[in-house]
Each structure stands twice: as structure tokens, then as C-alpha cells.
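Asker: Okay, sequence plus prediction incoming.
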Amino acid sequence: MQDFDDADLALIHALQIAPRASWALLGAVLGVDPVTVARRWQRLSAAGDAWITGYGSAALMRRTSMALVAVSCLPGRLPEITARILDDPHAVTVEHTTGNCDLLVTVWTTGLADLSDYLVGRLSRLPGVTATRTTMVTEVYAEGSSWRVGVLDAAARDRLRRAALSRATGTGELRTADRPLALALGRDGRLPYPELAAAAGITAATARRRVARMLDDGVLTIRCELARYASHRPVSVTLWANVPPGELAATAAAIASRPEVRLCAAVAGTQNLIVTAWLSALADLQRLEISLAARFPGLSIAERAIVLRHQKLMGRVLDEAGRAVRSVDMDIWRPPSARRPAGALP
């Protein structure tokens, strides 16, 4: 594993704010020659230490079906089960965890029927899976695209925000014709417009207009990610909590603003709130829980899981250090196994 220096983290922070900003702008903000910035990014991305991916926004998540599925496995079968689902387009994130399950899988489909098909026709049928428990996401208050490494000063952040492509809040409806663009951006969120055009069978000018429209309509998120070891927050934890229904929205919004929080979502299940945080050390988990209890007296934590390894993170298969190895299209529109057309790939 390479050591990240301050310049690496500054570039990643800049790309978290404006992931498709020009090298000229990034160089101007960071005080570095644009060619040097481009070479630095090429080094980071080639090593899998950082990457940029595009996917449906929180608005699209509300219109589709996303669930956190806790999977229990027979002893010794975990590696095989994990390997079997890594290339599933609907299993967008796969984590090996402590707690009441062996795997925590984020499953994303177009609707409840497709979710059922994936769970019953694919996941539950894998040899060695003994049980699954599904928690539906009903509202997303924060997800990984809003998390920051936090090294740039306010002036640099403001300059990048002004130059970033618009990210309005829209209906979350992604046009069928735009799906090839969304999938191509999932593989590389900085893919040049001519290459995006080739992937979608359109002109570069049309690709530019459509990407801008998807961002303006609030249906597309483009996110810069880095290997967790380089984030100075190597511990990932997920908490399941209960909050009085009348306090849920305000509580979730407040928790979502915390700098360590990667995911904050209202859910329908035994609990009604899920929080994922990246921490500097395991001891920070107790401090986090104490802080939440003091700030939100009505919140009670029912379950906690520590991620032993991220096997896949929003379409990226990762190695043991958390570096990106390859991408898997988050093609949530593809029919799950139970209703897959005859002759389709397994």
C-alpha cells in the first residue's frame, strides 16, 4: 500500500466536490500544473487507490427499491457465496461483517417484485446460505457521495462548488435512453464525452447535453471514492437504531451532517434508522454511541456491525486493502434471476 500525501488527499477532496472538473480548474484550485494533476490522478486510479463512479441519485433510490440484506452462511461457505454474488448487478455493495450476519449486501432493483425475485430466485438459493433478513430503505438522508476527506480550505471548496455541474433535486426518473450513459459513468465517472458517446451510440455533443440534464434533473450522482485505508478512517461500522416516528426525519437529518457518517437512511424493518460511519479506531464506536445518545435521547441502538472487509462498494470489486480491482455495472434494470429471459447470461 502506498502512502497518501497531502497533495493526493487534496486532489481527492477536490474531485469529491467536482468529480468532472477540468484538469485546468483542478490545477488552479490546488496550485499545481494541470498536467501534474492529471498524472497524479492517473497514478491513483491505476493503482485502484481512488476511483470515480456514477449511479442513480438518492431521488432515483426513492423511486426504486433498495434494501440492506443480512445474510447468514454455513461455516466455511462464506468465500464461495461472496464470490458468487460479486458480479451480480443488483448486489451493489457486499460487506463481510461481525454481528448477527456474515454478509451485509446492499441490493438495488427497479421495484419490489424484482427485489423479491432476486432474494428468492438468486440469493436465498445459493448453496450455504442459511438465512436472509431484509430491511427496506425508505428515505436516504446521506450516502457516500456526500462524504469528504476534509482537507481543502473554505475558499477552495467554494470555488469548486461554483464550477461543479448542477445537482438539482428532481423526480429521480432516469430515461431509458440515458441508461447506457449512466452505466458507462459507473465504470468511469470521468469518462470523456467522446467515449461516453461511443458507449451510448450518440454524438459527443448529445452525450454532454444528456449528462448535464441528468445532473440538473437530480437523477445522477457522480462520486469520487478512495480506498478506506487511505482515508484515515479504517473502521467502518453500521448501526441499526430506533427513533420515535415523529422525531425520525429531524434526527436522521442531523446525524447525516456528521463528518464520519457515510450513510444515514430511514428503513422499514425491526428498526427504523440505519447509520454507517467511518471511524479512526474501534474505540471511536463507543464515543459515537455516547454522542448520539446524548444528542438524541429518543434514539436507541438495537444492533451494530463492524465491517471486516468491503468486498464490493457501489459497483467496485475491492481487494483486501480496499483498492478497486474492477467495476461491475449497476444495471438495476436487468431482470433478476427468477424472471431472466431464456438465453440471458447467468
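Answerer: Happy to help now that I have it.
Asker: which residues in the stretch 51-200 of the chain form helices?
Answerer: Ranges of helices within the stretch 51-200 of the chain are 58-63, 78-85, 112-118, 154-163, 179-187, 193-200, based on DSSP state H, counting those that start in this stretch.
Asker: so which of the ones you listed is the most packed in?
Answerer: helix 179-187 (a mean of 21; mean count of other Cβ atoms under 10 Å). Where C-beta positions appear, they are placed from N, C-alpha and C, glycine not excepted.
Asker: now it and helix 193-200, what's the angle there?
Answerer: With axes from the mean of the first three to the mean of the last three Cα atoms, to 10 degrees applied, the angle from helix 179-187 to helix 193-200 works out at 120 degrees.
Asker: Give me the helices and strands touching helix 179-187, please.
Answerer: Applying 3 or more Cβ pairs under 8 Å, 6 or more residues apart in numbering; DSSP states H and E, one finds that helix 179-187 contacts strand 50-56, helix 193-200, helix 204-216, strand 220-226.
Asker: So which other helices or strands are in contact with the longest one?
Answerer: The helices and strands touching helix 204-216, judged by 3+ Cβ pairs under 8 Å, 6+ apart, are helix 179-187, helix 193-200, strand 220-226.
Asker: Pipe these into TSV and attach mean pLDDT per row.
Answerer: As requested, the helices and strands packed on helix 204-216 are arranged in TSV below (pLDDT from 0 to 100):
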stretch	mean pLDDT
helix 179-187	96
helix 193-200	96
strand 220-226	95
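Asker: and of the ones you listed, who's closest to Leu15?
Answerer: Among these, strand 220-226 comes nearest to Leu15, with 3.9 Å by Cβ to Cβ.
Asker: so what strands line up beside that closest one?
Answerer: Using DSSP bridges, the strands paired with strand 220-226 are strand 50-56 (antiparallel).
Asker: Give me the below-cutoff pLDDT ranges for the chain.
Answerer: The model of the chain has pLDDT under 70 over residues 1-2, 165-172, 337-346.
Asker: and if we set it to 50?
Answerer: Regions of the chain meeting the criterion pLDDT under 50 cover residues 338-346.
Asker: hey, where'd the strands end up in it?
Answerer: 50-56, 65-73, 91-97, 103-109, 129-142, 220-226, 235-242, 261-268, 273-279, 300-313, 316-318, 324-327 (DSSP state E).
Asker: Can I get the helices of the stretch 51-200 of the chain in a markdown table including distance to Ser327?
Answerer: Formatted as a markdown table, the helices of the stretch 51-200 of the chain follow (distance: least, Cβ to Cβ, whole Å):
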| stretch | distance to Ser327 |
| --- | --- |
| helix 58-63 | 19 |
| helix 78-85 | 15 |
| helix 112-118 | 20 |
| helix 154-163 | 25 |
| helix 179-187 | 5 |
| helix 193-200 | 13 |
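Asker: Appreciated, that's everything.
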